[in-house]
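Peer 1: below are the sequence and a predicted model; questions follow.
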Amino acid sequence: MTEQAALLRSLHVPGSPLVLVNAWDVASARVAEAAGAPVVATTSAGVAWSLGAPDGDALDRDAAVDAVRRVVAAVSVPVTADIESGFGDDPAAVADTIRGVVAAGAAGVNLEDSVRPVDEMVARLTAAREAAPREDLFINARIDNYLRGNPDFADTVSRAEAYLAAGADGIFVPGAVDPEVIGALVAKIPAPVNILVWPGAPTVPELAALGVARVSLGSGVAEAAYAVMQRAVQETLASGTYTSIADSIDYGSLNKLLGA
């Protein structure tokens, strides 16, 4: 087992969750590591936006893998990469993506089902697992029912069971924020459960008490960063003031993080 993959796997502890504040480029990854993050996770949306593409399998695979490679090279902690639905139309293409991400040094991936038919996602996960054994890569299978407004608990659990049988190591259910639902999912899914959070969602201690093993902020921090840009432009053009950028990391600190 590779050291980074083993460390990543060991940090998925129900009741003591791995907390991931997702990065989108080298600078945000270095900031996360310097602030104490034990793992750097990428957000597919943030990566795509930073490279001029929309989220949702629009980004070129080579560009996505290269972004992972740069982040891995910039930090010393394990990196888990959000690879959307695999940057490929069929299982063979997903396997190619997985091999590329592993070669880039990632210890884990998120692979989303986009509410595909179960058999299609199972085939994609099977190909991913064959391309990278468990000792080399933690595969977090994302189930999009709740995220897409279809809070079908039974189907979510059924998909989780099928995805785990196909080789997934963890299950990500973004959009599920009701504590009763989360607790029931944790009780039914025999693997680490990952929950997506945002302002108003249960706190990390509350999720820990429910047995959650992984908590992610997803694209939230990238969205907040771009909101600062928007507010700064609007404020400066409207009033000629600059208070929007008052709470910033200073130039010297950021430059030092990047090796200067």
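Peer 2: Done, it's in.

Peer 1: can you give me the strands in the protein?
Peer 2: Secondary structure of the chain by DSSP state E: the strands cover 18-20, 40-41, 79-82, 108-112, 138-142, 170-172, 193-196, 214-216.

Peer 1: out of these, deepest packed?
Peer 2: strand 79-82 (a mean of 29; mean count of other C-beta atoms under 10 Å). Placement of C-beta: from N, CA and C, glycine included.

Peer 1: adjacent strands (with direction) for that strand?
Peer 2: With DSSP bridges as the test, strand 79-82 is paired with strand 40-41 (parallel), strand 108-112 (parallel).

Peer 1: in JSON lines: these, plus mean pLDDT and distance to residue 84.
Peer 2: Output for these, formatted as JSON lines (pLDDT from 0 to 100; distance: least, C-beta to C-beta, whole Å):
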{"stretch": "strand 40-41", "mean pLDDT": "98", "distance to residue 84": "14"}
{"stretch": "strand 108-112", "mean pLDDT": "98", "distance to residue 84": "6"}
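
Peer 1: residue 63 is nearest to which of those?
Peer 2: strand 108-112 (16.1 Å; C-beta to C-beta).

Peer 1: compute the inter-axis angle for the closest one and strand 138-142.
Peer 2: Here strand 108-112 runs at an angle of 20 degrees relative to strand 138-142 (axes from the mean of the first three to the mean of the last three C-alpha atoms, to 10 degrees).

Peer 1: for strand 108-112, the distance to its chain's centre please.
Peer 2: Relative to its chain's centre, strand 108-112 lies at 7 Å (C-alpha atoms, centre = their mean, to the nearest Å).

Peer 1: same question, stretch 44-63
Peer 2: Here the centre of stretch 44-63 is set off from its chain's centre by 14 Å, with C-alpha atoms, centre = their mean.

Peer 1: what about stretch 211-228, how long is it end to end?
Peer 2: Criterion C-alpha to C-alpha, to the nearest Å; first-to-last residue distance in stretch 211-228 is 34 Å.

Peer 1: what does that stretch contact?
Peer 2: The set of residues external to stretch 211-228 that reach it, using C-beta atoms under 8 Å, 6 or more residues apart in numbering, is 12-15, 17-24, 28, 41, 43-46, 49-50, 55, 140, 170, 172, 174, 182-183, 186-187, 192-198, 204, 207, 244-245.

Peer 1: next one: stretch 2-14
Peer 2: 1, 18, 38-39, 77-80, 105, 107-108, 135-138, 169-170, 186, 192-193, 211-214.

Peer 1: equivalent analysis for stretch 53-65, please.
Peer 2: Contact partners of stretch 53-65, identified using C-beta under 8 Å, 6+ apart, comprise 44-45, 47-49, 51, 83-85, 87-88, 96-97, 100-101, 104, 219.

Peer 1: alright, I will stop here.
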